[in-house]
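>>> Quick one: sequence plus predicted model below, questions after.
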Amino acid sequence: MQWSLFLLLLMGQCSFFMCHLHEYHFVNQTKTWTEAQQYCREHHTDLATVSDMTDMKRLRDSAQNQDGAWIGLYSTAGEDNRMWHWSLPGVEFNVTNTKWAPGEPNDQESPENCVRIHNNSWLDFHCTEHKHAFICYDERKQSNKTFHLIEDKMSWPQAQSYCREHHTDLVSGDQQLEGLKNMGSNQDVWIGLFRDSWRWSDGSSFSFRYWDLELFRDEDSSKKCAVTLLDGKWSSDECNKTKPFFCYGVSSMADKMILIKENMTWDDALKYCRMNHCDLVSITNPDEQRWVQEKAKKANSPYVWLGLRYTCTLGFWFWVNEEMVTYKNWVTGVPADDCDMSGAMDRGGEHKWFKKNDNEKFNFICSTC
């Protein structure tokens, strides 16, 4: 394909619109949360699941209700039901790689659901009763300084809101925390680690939350179902109240990828996809990244092959379906030039892309026709 035509097609596919994999549907009927869940499962996929700020903005732009509309987030009461999450979407909490201080987490001022660091060790604290400095992570800046120490003391929810407004999010994940060692700060600061008992109706593991700061509640509330308000922020209410609600349906794009739980070399995986489906999967925007990584979580190999290959002849990385590598999610910048290498996604963690030798054997994800 000629590069001029290729570029024109690529702009037509990705620059003029974003290929969303969730289609939101506002239902202007008043039902309890359970009734709304049943309706969504019968007519669409489930009550609305929100995975990041992109989804949140789309939901906010849809029809809204002043008193709130149900979304698919609910709380399972009880301290034992709380789970740890990272604030930054797509970063998974690794229970085997924690840095708790001795005796932590101790839940001394129960509930202590947010975390600050002291001398690189983690301590749990009450999210709203304490105020500390905090560190924001910024993936939008082109400079090497992706961390920002904010010395204004805030509660954890306020710190999270500040980071999302001015940067990307609170610092999250093992890899980002390793980068903090170069900041030279020994003061106590909030990081993006929190726990709660909230779950998504469809079973998704997304950690994204968007609570209204004035209505933020810890685990002691009797209001166990989430609503989105007119301004897009979230609150909670008693689940037996009746409200309109948001459902989501999976668009055709979400159905166009499948995880193959067989370990193959990259070449064999490519042949398998082309013989049985369409191709090895390509990722051209954050939405596709998010849904490919949801597939990757279910793999039984540490990485999954993508349709990403390096050409020694031309000296660049490319997708096998002839799309350019515009959106990137490499573990450390663009990997060095190397022959016989292809791209694979990490099954866990931050789901970054790694270059791997073609002869290694992993699960892989095919795109379907």
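Structure's in. What do you need?
>>> all helices for the stretch 151-300 of the chain, in order.
If you assign secondary structure with DSSP state H, counting those that start in this stretch, the helices in the stretch 151-300 of the chain sit at 156-166, 174-179, 266-276, 286-296.
>>> Do I have it right that residue 304 meets residue 345?
Yes. Residue 304 is within contact range of residue 345, at 5.3 Å (criterion: CB atoms under 8 Å). In short, each C-beta sits where N, CA and C put it, glycine included.
>>> Please identify every residue contacting each of those two.
When contacts are counted by CB atoms under 8 Å, 6 or more residues apart in numbering, the set common to residue 304 and residue 345 consists of residue 296.
>>> Of these two, which one has the most company?
Under the criterion of other CB atoms under 10 Å, the comparison of residue 304 against residue 345 puts residue 304 first, with 28 against 25.
>>> List the buried residues of the helix or strand hosting the more buried one.
Taking DSSP states H and E as the definition, one finds residue 304 inside strand 303-311. Taking 16 or more other CB atoms under 10 Å as the neighbour-count basis, strand 303-311 is seen to contain the buried residues 303, 304, 305, 306, 307, 308, 309, 310.
>>> Could you measure from residue 361 over to residue 132?
In this structure, residue 361 lies at 46 Å from residue 132, with CB to CB, to the nearest Å as the measure.
>>> For these two, work out which one has more neighbours and name it.
For residue 361 versus residue 132, the count of surrounding residues by other CB under 10 Å is larger for residue 132: 22 against 16.
>>> shouldn't the more buried one be in contact with residue 153?
Yes. Residue 132 is within contact range of residue 153, at 5.7 Å (criterion: CB under 8 Å).
>>> Whatever helix or strand comes next after the strand holding residue 304 - contacts with which helices or strands?
Counting by DSSP H and E, the element after strand 303-311 in chain order, helix or strand, is strand 316-319. For strand 316-319, the elements it packs on are strand 303-311, judged by 3 or more CB pairs under 8 Å, 6 or more residues apart in numbering; DSSP states H and E.
>>> neighbours of the closest residue to residue 309 other than its chain neighbours, just the number please.
Counting by CB to CB, 6 or more residues apart in numbering, residue 309 lies nearest to residue 342, which is 5.0 Å off, once chain neighbours are set aside. Residue 342 has 25 neighbours, counted by other CB under 10 Å.
>>> Same check on residue 188?
16.
>>> Helix 266-276 and the one helix or strand the residue nearest to residue 309 maps to, what's the angle between them?
With elements delineated by DSSP H and E, residue 342 resides in strand 341-346, which encompasses its position. Here strand 341-346 runs at an angle of 80 degrees relative to helix 266-276 (axes from the mean of the first three to the mean of the last three CA atoms, to 10 degrees).
>>> contacts for the helix or strand just after strand 341-346?
Along the chain past strand 341-346, the next helix or strand (assigned with DSSP H and E) turns out to be strand 353-357. Contact with strand 353-357 is made by 266, 303, 305-306, 308, 310, 328-331, 335, 338, 340-346, 362, as judged by CB under 8 Å, 6+ apart.
>>> residues touching the closest residue to residue 166 other than its chain neighbours, list them.
Nearest in space to residue 166, with sequence neighbours left out and distances taken as CB to CB, 6+ apart, is residue 136 at 6.9 Å. The neighbours of residue 136, taking CB under 8 Å, 6+ apart as the test, are 147, 148, 150, 162, 163, 166, 167, 168, 169, 170, 171.
>>> One more: residue 340?
357, 358, 359.
>>> Rebuild the residues you listed as CSV, extending it with pLDDT.
As requested, the contacts of residue 340 are exported to CSV (pLDDT from 0 to 100):
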residue, pLDDT
357, 92
358, 92
359, 94
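>>> hang on, the earlier thing: could you pull up the mean pLDDT of the strand holding residue 342?
Per-residue pLDDT over strand 341-346 has a mean of 94.
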